[in-house]
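>>> Next comes the sequence, and after it the predicted model I'd like to discuss.
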Amino acid sequence: MADRQIRALNVAEKPSVAKAVSGILSRSPQSNGLRVREGRSRYNKIFEFDYVIRGQHFQMAFTSVTGHLMELEFDDRYRKWYSCDPIELYHAPVLKSVPQDKLDIRRTLEEEARKSQWLILWLDCDREGENIAFEVVEVCAQANRNLNIWRARFSALIEREIHHSMQNLVRPNQLFADAVDVRQEIDLRIGASFTRFQTMLLRDAFVLDFASEDRNIILSYGPCQFPTLGFIVERYWEIQAHEPEEFWTINCTHNNNEGIATFNWMRGHLFDYTCATMLYEMCIQEPTATVTKVRQQEKLKYPPHPLSTIELEKRASRYFRMSSEITMKVAEDLYQAGFISYPRTETDGFSERTDLRSIVQEQEGHQLWGSYARRLLDPEANLWRHPVGGGHDDKAHPPIHPTKFSTGESSWSADHHKLYELVVRHFLACVSQPAVGAETTVEIDIAGELFSACGRVILAKNYLDVYRYESWGGSIIPTYDFGQQFVPATLTLDSGVTRPPPLLSEADLLGCMDKAGIGTDATMHDHIKKLLDRFYATKDSNTRFSPTNLGEALVMGYDEMGYELWKPYLRAMMESDMKEVSNGAKRKAEVLETCLQQMKACFSDARSNKEKLFEAMSIFFQRSNRPSGSAQHMAGEVVRRCGVCQNNDMVLRKKPDGNFMVGCLGFPLCRSAFWLPGSLLEAVVTQTVCEICTPGPIFKIQFKFRRVEIPPNFDADHLGCIGGCDDTLRQLVEICGTGSRNIPTVSGRGQGHPSLSSSGNVHGSARRQEVCMHCSQAGHSSNLCPSLASRGRGGRPPEINQQNGEESIPCDSCGAPCSLRTANTDANRGRKFYSCRSQGCNFFVWEENATGGRRAATGNGSQSNQSRRGGGLGRGSRGGARSGNATFVSATGEPISGRCFACGDPSHFANACPSRGR
DNA sequence: GCAAGGTC
């Protein structure tokens, strides 16, 4: 028989389900018992047993995952915050993969799948479960292409149900999984784009004094967290907007030897003082009251529905002021230890098949509620009532109920005690009769005005005996008969003022989220916690939420833009889209495309309206003097309009290798780029507009160079322009090279690729097209700019000028004397150079690069590094030869060869060009 | 570093 056996791999969503289902299935007579062995993951064991499906013998291996096996992430290139413009995140490639911490589960699945012919998926029967099922399929099918794949559909871990689903296996539902794929992708793209956008925009622009280390705070945006914040802000604004209004009401009391009755004016209250006074005076003039109605009726107060997650969270908050986050942590502990059922459930009604009485029976021994449990099971007490559900069913889990008796464990905290007691008392309450009361309502007439009073007597407390968290007040009033007349003890005209609604409590907030479909039972508390962690909201000692300045400013900013990104509509729209994908009405790709297109447009609009966010933030926070994070990280501070495509801005960026460039936002459609010197340490776009370069505006950049990598007479700090007017920048590009040299050439030069250039600023990059910094035209670099070639040239040749015995030469730039000095930086120690003494002039030339005539004339024998090395790289070592390419050694020791970009002469570089600056 | 959804 063993030969005919099929081996099947069963996979559940969590270890507890694998264990429970294996336990049930292995109790059949053919199972040969239940064996357990370790898998690769310490949490996910493998259970083994035999089973017969419709006459076919199976050898079952039953293991589990822990929720989602895979994660959706952006392609590596887009993961770093400053790697791209956030708007690109609407199209950037995304990948689903198994994260590091789940690799061991993947190995178990692969190993077991290879040994199996069938795969049976026991994931939870909801959309997320179906999606996880397909993640499991992807991993298993890669290991074994011939698997026969089945889905078990079950709604409770009950013997009959589990056997039934095993005997009636179906195929997994791709549409359900697709719906989740849609949600994941939209959440990721929207969340990441807006989070990066608002964080980079605002974090460094304002003094956010609430956080000790405000440089690291993240101003996140999420389709669940923002609407949750929206509820808090909206209530807060409602309170702020409330204007107290005075009102008047007439109150009346009457007492006799039976007690006191307080009668309320049936008009409630009036805001018109004159009117209230007139009516009151009429009552005073004829104060005799006549009883016009006496109504007695039985009233029932019903026990709560069976406990769902949200109700558990709301009630723990209301009764114990326990946060939803703590509630879920403690509930998880109790569940793990087997004391309560699965705590993440939307179901608020018990299945007919649940053995409710045995759950009650287990609690009979408890000293606090044991006697109540015994009464419940006593038919004579007439206390039992089948629980009435609230109409919600997630088809996966029963309502939260006790699963094991405990009088309290030594490891339990006070919160564990409270929560276990709540679960037990709630369960006992919902299988109990409602409380019964007798209510008496009396109405009287005084001078035509009607008043009423109400009294209540509790006839049977029933469930209230065990559910001590709820009370039902009783008040006794005297007996009245129809037509009876009396004179009130007091008849007063009282004033009051209207009050604003209270701040939202945690229970209110959970209620709002539940109603609007924000989050799931398993995640709502996370969204609330996130608001506190992000400094968007605070919770006071009464568990009531207020927005912080930051939270209010963000909502205000988007509100001013006219976007309802902080309202729950976006989530509601996504939920309805998901439903349509689930039922096949819409295809996944079409929903994704439409939704992302809309959100991208919205993002783009929001970005162009960013002043609204700035204005809102300015109300609450001081502007900071810090350079913005985006500028620091080159995320895209605009430098100028792109002269090539004319369509996009060019922004300053820092590449992953540390080099800087100014690139067009239209990349990859437009590849124009300007690479900055490789010696650059930091660069920040300033608000200063260059007054020389056109077309403007071109914003100047504050550069900070690495001291040791630039010639000694250049300032490490330089406010420069990429528009073409900045000689210093040009010299440094030529001397130090650009970042683009470090990027490997994708294809060889000169192969006709339009983005390649034969030399110049972007010579190493096959990705970007060069842009001349002189004329802003594409196709050549600044050193080959035709506009420069036509400039007036032919100035006087350099001369030696001696003053006070010092060696000096006239400055090529301004004509002032240049002194011979000795470098003392690490990279160039001992090397001689000439530098201009004139203030504000940056002219500099290494001694060996000075003109041959001058070197010969100075004849001081100073030797360059190059000549000492014998490399023959400096012009000096060639004895002043004017033929061949000029060569130069950069500060990093790299030889650079080329020609003067000013006059095109290959014998020297521009910094030594005789024609420059004239 | 970013979302929300599973779960340990």
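Okay, I see it. Residues are numbered from 1 along each chain as shown, chains lettered A, B, ... in the order given.
>>> got the contact list for A:G39?
Shown in contact with A:G39 (CB atoms under 8 Å, 6 or more residues apart in numbering): A:K45, A:I46, A:T63, A:D104, A:I105, A:T108, A:E112. Heads up, the C-betas are built off the backbone N, CA and C, glycines and all.
>>> Out of the residues you listed, give me the one that has the most neighbours.
In terms of neighbours by other CB atoms under 10 Å, the contacts of A:G39 top out with A:T63 at 26 neighbours.
>>> Helix or strand: which one has that residue?
Per DSSP states H and E: A:T63 is located in strand A:56-64.
>>> Check which residues of stretch A:299-318 are buried.
The neighbour-count check on stretch A:299-318 (16 or more other CB atoms under 10 Å) flags A:301, A:303-317 as buried.
>>> Stretch A:476-484 too?
Residues of stretch A:476-484 classed as buried by neighbour count (16+ other CB under 10 Å): A:I477, A:P478, A:Y480.
>>> roughly how far apart are the first one and DNA strand B?
In this structure, A:I477 and DNA strand B are separated by 50 Å, where distance is defined by CB to the nearest atom of the strand, to the nearest Å.
>>> do the last one as well
Computed with CB to the nearest atom of the strand, the distance linking A:Y480 and DNA strand B is 55 Å.
>>> Now for that residue: which residues touch it?
By CB under 8 Å, 6+ apart, the contact list for A:Y480 reads A:V291, A:V294, A:V442.
>>> Packing partners of the strand holding A:T63?
Here strand A:56-64 touches strand A:6-12, helix A:15-25, strand A:46-53, helix A:103-114, going by 3 or more CB pairs under 8 Å, 6 or more residues apart in numbering; DSSP states H and E.
>>> And for the second one, what's in contact with it?
Residues from elsewhere that reach helix A:15-25, judged by CB under 8 Å, 6+ apart: A:10-12, A:31, A:34, A:43-45, A:47, A:49, A:51, A:60, A:62-64, A:66, A:122, A:124, A:154, A:157, A:159, A:162-163, A:166, A:342.
>>> Tell me the pLDDT of the residue lying closest to A:E506 once chain neighbours are set aside.
The shortest distance from A:E506 to any non-neighbouring residue, by CB to CB, 6 or more residues apart in numbering, is to A:S317 (4.1 Å). Looking at A:S317, its pLDDT is 93.
>>> next one: A:Q485
In this model, A:Q485 is scored at 97, pLDDT.
>>> what about it, distance to A:H254?
Look at A:Q485 and A:H254: by CB to CB, to the nearest Å, they are 11 Å apart.
>>> what is in contact with these two at once?
Any residue near both A:Q485 and A:H254 by CB under 8 Å, 6+ apart counts here, and that gives A:A289.
>>> more neighbours, these two?
A:H254 (23 against 10).
>>> for that one, helix, strand, or coil?
Secondary structure assignment for A:H254 (DSSP: H, G, I helix; E, B strand; the rest coil): strand.
>>> can you check A:R353 too?
What three-state DSSP gives for A:R353 is coil.
>>> Verify the contact between it and A:I162 for me.
No: using CB atoms under 8 Å, A:R353 makes no contact with A:I162, being 11.6 Å away.
>>> out of these two, which sits in the more crowded spot?
Neighbours were counted for A:R353 and for A:I162 using other CB under 10 Å; A:I162 has more, 20 against 11.
>>> The closest residue to the more buried one other than its chain neighbours: neighbour count?
Nearest residue to A:I162, sequence neighbours excluded (CB to CB, 6+ apart): A:I24, at 4.7 Å. Residues near A:I24, counting by other CB under 10 Å, number 17.
>>> do A:Q30 as well
The burial count assigned to A:Q30 is 11, neighbours taken as other CB under 10 Å.
>>> So A:L592 versus DNA strand B, what's the distance?
Distance, A:L592 to DNA strand B, using CB to the nearest atom of the strand: 13 Å.
>>> Contacts only, for the nearest residue to A:Y467 once chain neighbours are set aside.
Spatial nearest neighbour of A:Y467, chain neighbours left out: A:A429 (3.9 Å); criterion: CB to CB, 6+ apart. By CB under 8 Å, 6+ apart, the contact set of A:A429 is A:P303, A:P304, A:Y463, A:V466, A:Y467.
>>> Wasn't the first one part of a strand?
So that's A:P303. No: counting by three-state DSSP, A:P303 is not part of a strand but coil.
>>> what's near enough to touch it?
A:P303 neighbours (CB under 8 Å, 6+ apart): A:R385, A:P387, A:A429, A:C430, A:S432, A:P434, A:N462, A:Y463, A:Y467.
>>> Next, A:W265: phi, psi?
Dihedral angles of A:W265 (phi, psi; degrees, to the nearest 10) stand at phi -60, psi 130.
>>> so A:P478, which of the three states?
The local conformation at A:P478, judged by three-state DSSP, is coil.
>>> is DNA strand B contacted by stretch A:66-79?
Yes: Stretch A:66-79 is in contact with DNA strand B by CB under 7 Å from any atom of the strand, via A:T66, A:G67, A:H68, A:E71, A:L72, A:E73, A:F74, A:R79.
>>> What's the ChimeraX line that selects buried ones from those?
Of these, the buried ones can be selected in ChimeraX as follows, counting by 16+ other CB under 10 Å:
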select /A:68,71,74
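>>> re earlier: closest one of the buried residues of stretch A:476-484 to A:E575?
A:I477 (49.7 Å; CB to CB).
>>> how many other residues sit next to A:M328?
25.
>>> ok, now A:G474?
Using other CB under 10 Å, A:G474 has 13 other residues around it.
>>> repeat for A:D378
Count around A:D378 with other CB under 10 Å applied: 11.
>>> Need the phi and psi values for it.
Here is the backbone geometry of A:D378 (degrees, to the nearest 10): phi -80, psi 110.
>>> what residues are up against it?
A:D378 neighbours (CB under 8 Å, 6+ apart): none.
>>> per-residue confidence at it?
Predicted confidence (pLDDT) for A:D378: 95.
>>> One more: the one 5 residues further on?
Predicted confidence (pLDDT) at A:L383: the value is 96.
>>> Same question for A:M573.
At A:M573, the pLDDT value in this model is 88.
>>> before we move on, which element is it in?
According to DSSP H and E, A:M573 maps onto helix A:569-582.
>>> List buried residues within the contacts of helix A:15-25.
Burial of the contacts of helix A:15-25 was assessed by neighbour count (16+ other CB under 10 Å); the buried members are A:10-12, A:31, A:34, A:44-45, A:47, A:49, A:51, A:60, A:62-64, A:122, A:124, A:154, A:157, A:162-163, A:166, A:342.
>>> near DNA strand B, which of these show up?
Restricting the buried ones among the contacts of helix A:15-25 to contacts with DNA strand B (CB under 7 Å from any atom of the strand) yields A:D124.
>>> Would you agree A:F482 is in contact with A:T290?
No: counting by CB under 8 Å, A:F482 stays clear of A:T290, with 9.4 Å between them.
>>> Output the lowest mean pLDDT helix or strand found in chain A.
Counting by mean pLDDT, DSSP states H and E, chain A has its least confident helix or strand at helix A:865-869, which shows a mean of 30.
>>> where does the stretch 101-250 of chain A have low pLDDT?
A:211-215 (pLDDT under 70).
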